[in-house]
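Asks: sequence and predicted structure below; questions after.
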Amino acid sequence: MLTKTGNGGTGLSRETVKELLRLFKEAQTTPLSFETLADVDRFEESLEKEVGLQPLEPVDITDKEQDATPVILWCRQTWACVADLFSNPANAEGFVAELEDSSESEEAHRFTEPSTGSFWREAVAGLPDGASIAAVILYSDATELAKDGSATVKPGVDVARRRLEIFHTCLEKILEKQKEVESTGMRMKDPLGVVRYVRPLLYAYVGDYPEQCKVAGTKMGNQTRFPCPKCLISNENLANADARWEYRTEEGQKLTLAQLQAFRGRTALARAETVESTHRVKVGIWGFPNGSTTWGNPYRSLMCDVMHMSALGVYKHMVDCIRTMLPDKIAAMDIALRNVTAFSRQSLFRLPSEGKHYFANRGVFQAFEHQSVMQAGR
């Protein structure tokens, strides 16, 4: 739990928890009633007992040649999380254990859940008869830890590179058992209480573009030769909607890493990394037993989250087009938006209020506001 394991594993201070309680009371966004610190402690203990959560375990990932202070990872293995979720009766509704036929005709297919897609179809073909699939979806977003300077590196060590190495070491440790059970499988109860032989398979790793590049160990931005973390489309072909390129592979990336190992000078290495669009780092998503297959390729699993794809992506570009094509209508559109009936202004549907001009200056708004405008404009 955050209050016990946040702040680098030391837990949040009691003053910080008090401040969180104050914010909860002011925002009134939760039905939970936390009046005292003891209420928080009791809730955490009951939650851990209710869902069967095991405590986070510390893993020492300190590199004595680079780190001036200990680096400790507090984690649970992904396979343990999968087992908890897979067997939880709360997930019984909509539970699927078999491949679903999504054919609408011989030519048309409609893909919705993982069990209707080509991933599931291709994966089932390589599994023993009777095996069920647990499609594992991972998500991560950048966060800054140890702001107090408690985690430091030794003089002469590249701080940015060491941070990336630590991230991938953590990812490798968290996925260590997951990679094993992907190959061997494990028996566990499903939400309906039926004991199944299950293969937890990596289906998707969700994140925004910078996070995907970090997970893939690739350079980001249009100044690098191959800016996509999933495939090897060249920089000059990014605007070509008809372009089709091969996915990155673990084997190919390892070859590139071996080439980068030959560079010793920081400037020469940085230049080579930009040319190859790859960081000199061992990547945490390597080592899956099915990683060499088309469906099990970990680079293929990288997915952009809906928020960045739509609200902070396509829709923002649409608004830019509107501003360019209808500059004389911007003021009227902002007034119309602010006149949307008040009952719509709920906590999950917050339109820009009086004094804010969405179409005139959409850059100052956050994702939830973009999403609310999208709904109002339908």
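Replies: Structure received. Numbers count the residues shown, from 1 in each chain.
Asks: now the strands for the stretch 151-300 of the chain?
Replies: 186-189, 195-206 (DSSP state E, counting those that start in this stretch).
Asks: so which of those strands is the most packed in?
Replies: When the strands of the stretch 151-300 of the chain are scored by mean count of other C-beta atoms under 10 Å, the highest mean neighbour count falls to strand 195-206 (a mean of 20). (C-beta placed from N, C-alpha, C; glycine too.)
Asks: show me what that strand is packed up against.
Replies: Using 3 or more C-beta pairs under 8 Å, 6 or more residues apart in numbering; DSSP states H and E, the elements in contact with strand 195-206 are helix 78-87, helix 118-125, strand 132-139, helix 159-184, strand 186-189, strand 302-303.
Asks: what's downstream of the shortest one, the next helix or strand?
Replies: What that stands for is strand 302-303. Under the assignment DSSP states H and E, the closest C-terminal helix or strand after strand 302-303 is helix 306.
Asks: check the offset of that following helix from the chain's centre.
Replies: On the basis of C-alpha atoms, centre = their mean, to the nearest Å, helix 306 sits 11 Å off its chain's mean C-alpha point.
Asks: tell me what the residue nearest the centre of the chain is bridged to.
Replies: Nearest to the mean C-alpha position of the chain, by C-alpha atoms, centre = their mean, lies residue 139 at 2.4 Å. Counting by DSSP bridges, residue 139 is bridged to residue 206.
Asks: check the gap between residue 64 and residue 157 for me.
Replies: In this view, residue 64 and residue 157 are 12 Å apart by C-beta to C-beta, to the nearest Å.
Asks: state the mean pLDDT of stretch 57-64.
Replies: Stretch 57-64 carries an average pLDDT of 90.
Asks: buried set for that stretch?
Replies: residue 61 (16 or more other C-beta atoms under 10 Å).
Asks: first vs last residue of it, how far apart are they?
Replies: End-to-end distance for stretch 57-64: 21 Å, by C-alpha to C-alpha, to the nearest Å.
Asks: in JSON lines: the strands of the stretch 151-300 of the chain, plus mean pLDDT and distance to residue 329.
Replies: Formatted as JSON lines, those follow (pLDDT from 0 to 100; distance: least, C-beta to C-beta, whole Å):
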{"stretch": "strand 186-189", "mean pLDDT": "90", "distance to residue 329": "58"}
{"stretch": "strand 195-206", "mean pLDDT": "92", "distance to residue 329": "36"}
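Asks: wait, which of those is closest to residue 166?
Replies: Of all these, strand 195-206 sits nearest to residue 166, with 18.2 Å by C-beta to C-beta.
Asks: can you tell me the closest non-neighbouring residue to residue 286?
Replies: Distance criterion C-beta to C-beta, 6 or more residues apart in numbering; nearest residue to residue 286, sequence neighbours excluded, is residue 250 at 5.0 Å.
Asks: residue 170 and residue 186, how far apart?
Replies: Separation of residue 170 from residue 186 (C-beta to C-beta): 23 Å.
Asks: equivalent analysis for residue 282, please.
Replies: Here the criterion is C-beta to C-beta. By it, residue 282 lies 27 Å from residue 186.
Asks: now residue 309
Replies: Going from residue 309 to residue 186 by C-beta to C-beta gives 34 Å.
Asks: swap in residue 192?
Replies: Separation of residue 192 from residue 186 (C-beta to C-beta) stands at 17 Å.
Asks: repeat that for residue 365.
Replies: Between residue 365 and residue 186 the distance is 46 Å, computed by C-beta to C-beta.
Asks: repeat for residue 303
Replies: The gap separating residue 303 from residue 186 is 25 Å, by C-beta to C-beta.
Asks: again, but for residue 154
Replies: As for residue 154, its distance to residue 186 is 41 Å (criterion: C-beta to C-beta).
Asks: swap in residue 339?
Replies: Separation of residue 339 from residue 186 (C-beta to C-beta): 57 Å.
Asks: same check on residue 325?
Replies: Residue 325 sits 56 Å away from residue 186, going by C-beta to C-beta.
Asks: surely residue 188 meets residue 86?
Replies: Yes: with contact defined as C-beta atoms under 8 Å, residue 188 counts as touching residue 86 (6.1 Å).
Asks: so where is the stretch 201-350 of the chain shaky, pLDDT-wise?
Replies: 341-350 (pLDDT under 70).
Asks: now the helices for this protein?
Replies: With DSSP state H applied, the chain shows helices at 2-5, 14-27, 37-51, 78-87, 118-125, 159-184, 209-216, 250-260, 266-276, 306, 315-325, 330-338, 367-376, listed in chain order.
Asks: so who does residue 158 touch?
Replies: Applying C-beta atoms under 8 Å, 6 or more residues apart in numbering, we find residue 158 in contact with residue 266.
Asks: that one and residue 280, how far apart?
Replies: According to C-beta to C-beta, residue 158 stands 10 Å off from residue 280.
Asks: ditto for residue 83
Replies: 35 Å.
Asks: next one: residue 245
Replies: 23 Å.
Asks: looking at those two, which one has more neighbours?
Replies: The neighbour comparison of residue 245 against residue 280 (other C-beta atoms under 10 Å) goes to residue 280, with 21 against 14.
Asks: surely that one is in contact with residue 268?
Replies: No: with contact defined as C-beta under 8 Å, residue 280 and residue 268 do not form a contacting pair (11.4 Å).
Asks: circling back to that earlier point, need the contact list for the residue nearest to the centre of the chain.
Replies: By C-beta under 8 Å, 6+ apart, the residues touching residue 139 are 205, 206, 207, 305.
Asks: need the per-residue pLDDT for it.
Replies: Residue 139 carries a pLDDT score of 90 in this model.
Asks: how about the residue nearest to residue 223 when sequence neighbours are not counted, what does it touch?
Replies: In space, and not counting its chain neighbours, residue 223 is closest to residue 274: 6.9 Å by C-beta to C-beta, 6+ apart. Taking C-beta under 8 Å, 6+ apart as the criterion, residue 274 is in contact with 219, 223, 224, 225.
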